[in-house]
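K.L.:
Turn this into a model:
(2 chains)
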Amino acid sequence: RKEVEQDPGPFNVPEGATVAFNCTYSNSASQSFFWYRQDCRKEPKLLMSVYSSGNEDGRFTAQLNRASQYISLLIRDSKLSDSATYLCVVNPGTASKLTFGTGTRLQVTL
Amino acid sequence: GAVVSQHPSRVICKSGTSVKIECRSLDFQATTMFWYRQFPKQSLMLMATSNEGSKATYEQGVEKDKFLINHASLTLSTLTVTSAHPEDSSFYICSAMGTGGSSYNEQFFGPGTRLTVL
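P.N.:
Residues are numbered from 1 along each chain as shown, chains lettered A, B, ... in the order given. Predicted structure coming up:
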């Protein structure tokens, strides 16, 4: 089983749609969780951290379910500029290492 | 956020040559830097953790004699791919860990180096 699993997509949605991505992780001792965004042939950029109580940043909402070892990202009112690959990232708790999922590709269309 | 640079951004080399990639934290000191590799349509895979003034810690399956890491200062880490072969062609990305304030423990990524070995 992969340490961090994501549906690779692609998710093709029209502008204005709401889209949700899910991610599961295998290490129950994992300490912290993130969503990163990666554009084609570029480095990943931190989108948001994920907190146990859930958190929101504008159109983006992240949630964590420790019991199910599951993380989600909800994007409301999708924009063309949201088209990218969204990486679920977990810190397994050892020396600040990050474990990356393979990413979910989102394509927002007119 | 903090800025991390990588040089070169792209390199094409012949099989058997060595390639050095530099990773610099431009506006902060980083005692810890990380080197990742990403093959097409795959996730970033951590290769090694680079600590200033000490030997790098390599992940399982990564050959330390092939991927030489030197973290000689608090703002510079280098990765040398020795005797590169076509299967080493990949996107190499470094990150530097923030050490204080709101960026504590956050990893800031460099723009990556695309290596093509002919």
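K.L.:
Chain A: strands as residue ranges?
P.N.:
Taking DSSP state E as the criterion, chain A carries its strands at A:4-6, A:11-14, A:19-25, A:32-38, A:44-50, A:55-57, A:60-65, A:70-75, A:84-91, A:99-100, A:104-109.
K.L.:
can you list contacts of the second one?
P.N.:
Read it as strand A:11-14. Applying C-beta atoms under 8 Å, 6 or more residues apart in numbering or on different chains, the contact partners of strand A:11-14 are A:19, A:21, A:78, A:104, A:105, A:106, A:107, A:108, A:109, A:110. For the C-beta atoms, the positions are set from N, CA and C on the backbone; glycine is no exception.
K.L.:
if we can go back for a sec, show me the one of the strands of chain A that comes nearest residue B:43.
P.N.:
strand A:99-100 (4.3 Å; C-beta to C-beta).
K.L.:
thinking again about what came up before, return the most buried member of the strands of chain A.
P.N.:
strand A:84-91 (a mean of 24; mean count of other C-beta atoms under 10 Å in any protein chain shown).
K.L.:
what packs against that strand?
P.N.:
Applying 3 or more C-beta pairs under 8 Å, 6 or more residues apart in numbering or on different chains; DSSP states H and E, one finds that strand A:84-91 contacts strand A:4-6, strand A:19-25, strand A:32-38, strand A:44-50, strand A:70-75, strand A:99-100, strand A:104-109.
K.L.:
can you list the residues of chain B near chain A?
P.N.:
Contact residues, chain B versus chain A (C-beta under 8 Å from any C-beta of the partner chain): B:1, B:32, B:34, B:36, B:41-46, B:49, B:57, B:91, B:93, B:97, B:105-107, B:109-112, B:114.
K.L.:
Try it again at 7 Å.
P.N.:
B:32, B:42-44, B:46, B:49, B:93, B:97, B:105-107, B:109-112 (C-beta under 7 Å from any C-beta of the partner chain).
K.L.:
Please identify which pair of those lies farthest apart.
P.N.:
The farthest-apart pair in the residues of chain B next to chain A, when distances are taken by C-beta to C-beta, is B:42 and B:105, at 25.5 Å.
K.L.:
what stretches of chain A score poorly on pLDDT?
P.N.:
Flagging of chain A using pLDDT under 70 yields the residue ranges A:94-95.
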